[in-house]
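Enquirer: After the sequence you'll find the predicted model.
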Amino acid sequence: MDLAERLKQIRAHKNLSQKEVALTVGIDRAQYSRFESGKADPSLPTLKKIAAALEVKIADLFTEEEGYEVNSANKPLMEKMKLIEELSEEDQKTIFNILDAFLGKKKLKDTLSNVLQDVA
């Protein structure tokens, strides 16, 4: 299950509307809808706010259900996410800013690569 499906699943389970979650997070409903449809990916700080709005841990957004076993490829990531949640808010913001920079660089690289392939 991907993040978009998991967001939708948790929100529905908690009987919340997209608008309710979006208002709590501080974004508009259309943007939140793009997250649930997989058309956009939330930044890590936004993920933190979504998790808080849904009253779950960030790690829960990447697992299918309670008691879900994390496969060995995801286990180190999940362990790091749990540790990040224990850091101060300032340290979390620093880590999220660094991750956003790396993710932005990757998206830009992928986009440029696709453009160059289309040109060739």
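Expert: Structure received. All values derive from a computational prediction rather than experimental measurement.
Enquirer: Give the buried residues for the least confident helix or strand in the chain by mean pLDDT.
Expert: Within the chain, judged by mean pLDDT, DSSP states H and E, the helix or strand with the poorest mean is helix 75-85; its value is a mean of 77. The neighbour-count check on helix 75-85 (16 or more other Cβ atoms under 10 Å) flags 78, 81, 84 as buried. In this view, the C-beta of every residue, glycine as well, is placed from N, C-alpha and C.
Enquirer: same check, this time on stretch 44-64
Expert: For stretch 44-64, by 16+ other Cβ under 10 Å, it's 44, 46-51, 53-54, 56-63.
Enquirer: From the chain's centroid, how far away is the least confident helix or strand of the chain?
Expert: 14 Å (Cα atoms, centre = their mean, to the nearest Å).
Enquirer: The next helix-or-strand element following it vs helix 75-85, what angle?
Expert: Next in sequence after helix 75-85, counting helices and strands by DSSP states H and E, comes helix 89-119. Orientation of helix 89-119 against helix 75-85 (axes from the mean of the first three to the mean of the last three Cα atoms, to 10 degrees) gives an angle of 140 degrees.
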